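>>> no sequence for this one, just the structure:
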Ligand SMILES: Nc1ncnc2c1ncn2[C@@H]1O[C@H](COP(=O)(O)OP(=O)(O)OP(=O)(O)O)[C@@H](O)[C@H]1O
């Protein structure tokens with residue numbers, strides 16, 4: 001009997017020590033083993049009292065009070081919203097509640113901080129699912145501390161998972177929903193890693209990648225095997241953009257021919273896009289990645305000014321008309337404001353998707369969010385310096401969330417691009433800009449994580 005009790009005590013002590021160690025070292029594992037059970041029990045036991053303390057209950061109706069009086073029962077208590085569903089996830093819990101009369105979704109958003117403390121969760125966000133139903137998404141640990149993307153994500157024809165959201169959801173870049181995007185951030189804030197994740201995600205899709213990297217190609221050249229066209233200086237970039245605009249015109253002609261419209265219908269009236277074309281006629285969609293856009297917009301001489309105007313005009317045209325032709329823009333820079341000259345704010349207005357990494361001043365944050373989500377500006381300037389890769393992502397609907405990319409090394413991104421090199425489509429108009437590389441068999445690219453990242 002004594003031996004059994006000792007064995008039980010030792011086992012329990014070992015389990016408790018293991019749980020504590022997991023909680024410190026591997027919060028995700030802790031959550032999936034012990035944390036989820038504790039959290040579910042805690043939530044169910046404390047639900048009514050927490051709702052009451054957070055001001056999320058409603059007083060009894062007159063009818064209930066009258067019935068209690070007539071039947072000589074005690075006065076009924078205030079009622080909490082009814083739980084419709086409680087679902088554990090790999091990062092937390094999802095709780096769906098039915099609102100009581102007089103409550104609205106804003107009550108829950110406003111109380112999210114109180115709920116998070118009361119239920120001992122890392123983060124709580126509330127959103128309305130349909131009239132009268134609110135979903136509370138809770139994370140059990142800091143999912144942005146060490147980002148682990150789920151093995152299976154919702155990938156679509158033009159949709160790639162890039163980062164983890166603070167509510168435990170995967171943040172996806174969906175080009176058909178948000179064709180063009182802007183990615184700003186101070187130096188060393190994590191823009192290139194974000195872009196690398198994007199390229200690695202797109203590499204597996206049937207899409208042509210076109211890159212402009214005026215940092216002499218240091219970011220994109222190692223990934224060149226998966227690129228249909230690449231420019232590493234402003235002169236080549238200007239020619240490449242002209243070729244892209246010409247290609248866009250050809251795609252429009254294909255769409256118009258298929259629509260059987262007469263040639264004198266103006267471009268602006270064409271509403272269909274490449275996705276309405278039959279498969280055999282559909283041109284390959286193109287994602288144009290521009291790294292450090294300011295390099296394209298700055299000039300010192302008259303000739304450089306002419307080149308700059310040519311580049312910005314082409315970019316504006318691509319941003320305005322490119323979506324229907326399946327050309328999508330991903331513009332990346334440290335700042336993106338009117339100080340870069342004529343046409344920049346016009347271009348920015350077309351970039352619906354906004355991602356802002358850590359910035360050094362409010363003005364830079366305003367460049368990303370000032371015109372669409374003013375409260376995201378504050379969130380952007382609060383991003384800590386010791387968490388590179390953290391960003392605030394929003395869109396023109398005014399919604400925003402905190403995200404962080406997984407730390408994808410250049411070596412792993414190179415390996416992914418090399419593995420999908422056979423998917424790189426040829427686009428005749430862009431042939432002069434296709435990177436010339438030795439064949440993969442001859443290239444001495446070691447596949448190890450520690451080896452230098454050469455394509
Ligand atoms: N998600 C992340 N997790 C951990 N570390 C990251 C993450 N993203 C970036 N880093 C680290 O932060 C540093 C800066 O990242 P990155 O090169 O992407 O910044 P950047 O904004 O492109 O800088 P620059 O404008 O100077 O090129 C790198 O050392 C990188 O390894």
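On my side now, so go ahead. Source: prediction; values computed, not measured. Numbering: from 1, shown residues only.

>>> Is it correct that residue 421 is in contact with residue 225?
Yes: shown here, residue 421 and residue 225 form a contact pair, counting by Cβ atoms under 8 Å, at 4.0 Å. All C-beta atoms are positioned from the backbone trio N, CA, C, and that covers glycine.

>>> Which residue of the two possesses the greater neighbour count?
residue 225 (20 against 16; other Cβ atoms under 10 Å).

>>> Which pLDDT does the model give the more buried one?
On the pLDDT scale, residue 225 is placed at 93.

>>> Which helix or strand contains residue 391?
Taking DSSP states H and E as the definition, residue 391 sits inside strand 390-394.

>>> Any part of that strand near the ligand?
No: contact of strand 390-394 with the ligand is not found when judged by Cβ under 6 Å from any ligand atom; the minimum separation is 7.3 Å.

>>> and that strand, which strands flank it?
Partner strands for strand 390-394, per DSSP bridges, with pairing direction: strand 353-357 (antiparallel), strand 400-404 (antiparallel).

>>> Residue 368 is nearest to which of the ones you listed?
strand 353-357 (4.0 Å; Cβ to Cβ).

>>> Show me which residues of this structure sit near the ligand.
Counting by Cβ under 6 Å from any ligand atom, the chain sits next to the ligand at 185, 187-193, 388-389, 404-405, 407.

>>> For the ligand, see how far away residue 212 is.
Plainly put, residue 212 is 15 Å away from the ligand if you go by Cβ to the nearest ligand atom, to the nearest Å.

>>> if I look at that residue, how far off is residue 330?
10 Å (Cβ to Cβ, to the nearest Å).

>>> just residue 4 next, same as before
From residue 4 to residue 330 the distance is 64 Å (Cβ to Cβ).

>>> how far does stretch 158-173 stretch from start to finish?
With Cα to Cα, to the nearest Å applied, stretch 158-173 spans 8 Å between its terminal residues.

>>> Which one's more surrounded, residue 4 and residue 330?
residue 330 (26 against 8).

>>> Now do the contacts for that one.
180, 181, 183, 195, 198, 287, 288, 289, 290 (Cβ atoms under 8 Å, 6 or more residues apart in numbering).

>>> Which single residue of the chain ends up nearest the ligand?
residue 389 (2.2 Å; Cβ to the nearest ligand atom).

>>> In contact with the residue lying closest to that residue once chain neighbours are set aside, which residues are there?
Here the nearest residue to residue 389 in space, its sequence neighbours aside, is residue 190; by Cβ to Cβ, 6 or more residues apart in numbering that works out to 3.7 Å. Residues near residue 190 by Cβ under 8 Å, 6+ apart: 357, 358, 388, 389, 390, 391, 405.

>>> go on, residue 129?
96, 135.

>>> doesn't it fall inside a strand?
Yes: Residue 129: assigned to a strand according to DSSP: H, G, I helix; E, B strand; the rest coil.

>>> Just the pLDDT for it.
pLDDT at residue 129 comes out at 91.

>>> same question, residue 444
50.

>>> and residue 370, how many neighbours does it have?
15.

>>> separation between it and residue 384?
22 Å.

>>> ok, back up a step: list phi and psi for the residue nearest to residue 389.
Phi and psi for residue 190, reported as degrees, to the nearest 10, are phi 110, psi 20.

>>> And for residue 220, the neighbour number?
Count around residue 220 with other Cβ under 10 Å applied: 27.

>>> how about the strands of the stretch 101-250 of the chain, start to end?
Under the criterion DSSP state E, counting those that start in this stretch, strands of the stretch 101-250 of the chain are mapped to 123-130, 133-139, 159-165, 170-174, 181-184, 208-213, 227-231.

>>> Just say which of the ones you listed is most tucked in.
Counting by mean count of other Cβ atoms under 10 Å, strand 208-213 has the highest mean neighbour count of the strands of the stretch 101-250 of the chain, with a mean of 27.

>>> Output the contacting helices and strands for that strand.
helix 191-203, strand 227-231, helix 234-259, strand 286-291 (3 or more Cβ pairs under 8 Å, 6 or more residues apart in numbering; DSSP states H and E).

>>> How about the contacts made by the spatially most central residue of the chain?
In the chain, the residue lying closest to the centroid (Cα atoms, centre = their mean) is residue 171, at 3.7 Å. Residue 171 makes contacts with 161, 162, 163, 164, 165, 393, 401, 403, as judged by Cβ under 8 Å, 6+ apart.

>>> Kind regards, and thank you for your time.
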